[in-house]
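Engineer: any chance you can model this:
(4 chains)
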Number of protein chains: 2
Amino acid sequence: MKKPRPAVIADLLEKPGHLIRRAHQFSVAVFEDLAARDRITAPQHVVMTALFKHPGIDQVTLANLVALDKVTTGTIVSRLERRGLLRREQSMQDRRARVLLLSEAGRQLLLQMQQTVRQSQANLLANLSAAEGRELVRLLRKLIGAEPARPRRSSGRSRAARQ
Amino acid sequence: MKKPRPAVIADLLEKPGHLIRRAHQFSVAVFEDLAARDRITAPQHVVMTALFKHPGIDQVTLANLVALDKVTTGTIVSRLERRGLLRREQSMQDRRARVLLLSEAGRQLLLQMQQTVRQSQANLLANLSAAEGRELVRLLRKLIGAEPARPRRSSGRSRAARQ
DNA sequence: TTGAAATAGTAACAATACTAACTAATGAGA
DNA sequence: TCTCATTAGTTAGTATTGTTACTATTTCAA
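Structural biologist: Numbers count the residues shown, from 1 in each chain, chains lettered A, B, ... in the order given. Presented below is the predicted three-dimensional model:
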């Protein structure tokens, strides 16, 4: 006799999609808990980090680096510019493009936030052992198709980074 | 001699917070890819699923079930109500509360979407082996503090489900 | 060289997601 | 019973995130 199939619809806590949303929600909350003092959100921090490592890139390159839509990247950049944390200059080579540079204030803020950021990553993984944390990172990279195999190249082929 | 510490700032693909955001982005894109035809977003589907399993609950109870803010839950519910997928009635017991029920159209749509939903979960985990998928689910549950240990009780203590 | 395709950026729109502040109703203790 | 804290829901405001559509510019190919 067949099992009666009590629920056609699976429990939410079994669904990877739902769990990933919960994890994201948790991650954002943990970050903001510590970074609220500096009035920096997680994506703003990611953008600043990318500009720290790659000064002078344009918005589309930046969008690909951080895996955000170019429109989203544009609004985040605007907000940071309004706060004076980065500068936006006409590119000499391409008059369509805008060259992005962290301002001195932006650089200072980013460096000063390092301890905070490390702490928030630790809080995020607090419920996991060190090995589990590493395994989670590995699985997430594999899930999104960002294999560590390829030596450099980045960008990957993540669906949403299409433009 | 010390290693020169080439980058103060870690690579984004090492940071669990960034990877979780990427995974969430990917998850949403995969779901919408299949569910766009029904014009149902992932959170709308989660809300409908919860109402299917728990008909007649109020908005705050629903918000706790799906781990969303009560405001967000309210706007999603409004949108579904406007489309006729659920009904909202005054509660007899508590005149502040609104009792939520899936309409017949909502029930039909939800059931009809089951195959789509299963497929999108499969697509989401396509890069992982079955064992890796299960491990990811386990780690995410542990991360957000929703242990399978406790037999029933749910709700957990997720930071963002505070209200 | 010129005309079409591609690209960088923006604008307008929609949906999620949260906080803070509010209204209305409930409930519990003095 | 009266007051006050709590609770259900909404409104307003901010931010992220995406789509589609548009302008300006560049590039490539006929």
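
Engineer: list the buried residues for stretch A:84-96?
Structural biologist: A:85-87 (16 or more other C-beta atoms under 10 Å in any protein chain shown). C-betas here are computed from N, CA, C, even on glycine.

Engineer: does chain B sit close to it?
Structural biologist: No. Against chain B, stretch A:84-96 shows no contacts by C-beta under 8 Å from any C-beta of the partner chain, the least distance being 15.2 Å.

Engineer: next: stretch A:64-80.
Structural biologist: Yes. Contact check for stretch A:64-80 against chain B, using C-beta under 8 Å from any C-beta: residues in range are A:65-67.

Engineer: could you pull out the strands for chain A?
Structural biologist: Along chain A, counting by DSSP state E, strands occupy A:86-90, A:98-102.

Engineer: those strands: which one's closest to DNA strand D?
Structural biologist: Counting by C-beta to the nearest atom of the strand, DNA strand D lies closest to strand A:86-90 out of those; the figure is 9.4 Å.

Engineer: can you pull the contacts of A:F31?
Structural biologist: Applying C-beta atoms under 8 Å, 6 or more residues apart in numbering or on different chains, we find A:F31 in contact with A:41-42, A:45, A:117, A:120, A:124, B:17.

Engineer: and A:Q112, how many neighbours does it have?
Structural biologist: Per other C-beta atoms under 10 Å in any protein chain shown, the neighbour tally for A:Q112 reads 10.

Engineer: okay, now the unreliable bits of chain A?
Structural biologist: Within chain A, the ranges that satisfy pLDDT under 70 run A:1-10, A:147-163.

Engineer: make JSON lines out of the buried residues of stretch A:84-96 and add distance to A:R141.
Structural biologist: Formatted as JSON lines, the buried residues of stretch A:84-96 follow (distance: C-beta to C-beta, whole Å):
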{"residue": "A:L85", "distance to A:R141": "29"}
{"residue": "A:L86", "distance to A:R141": "28"}
{"residue": "A:R87", "distance to A:R141": "33"}
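
Engineer: could you dump these to JSON lines with distance to DNA strand C?
Structural biologist: Formatted as JSON lines, the buried residues of stretch A:84-96 follow (distance: C-beta to the nearest atom of the strand, whole Å):
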{"residue": "A:L85", "distance to DNA strand C": "16"}
{"residue": "A:L86", "distance to DNA strand C": "12"}
{"residue": "A:R87", "distance to DNA strand C": "13"}
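
Engineer: which residues touch the residue in chain A that DNA strand C sits nearest to?
Structural biologist: Shortest chain A-to-DNA strand C distance, computed as C-beta to the nearest atom of the strand: residue-wise this is A:Q59, at 3.0 Å. Residues in contact with A:Q59, defined by C-beta under 8 Å, 6+ apart, are A:70, A:73-74, A:77, A:97-98, A:100.
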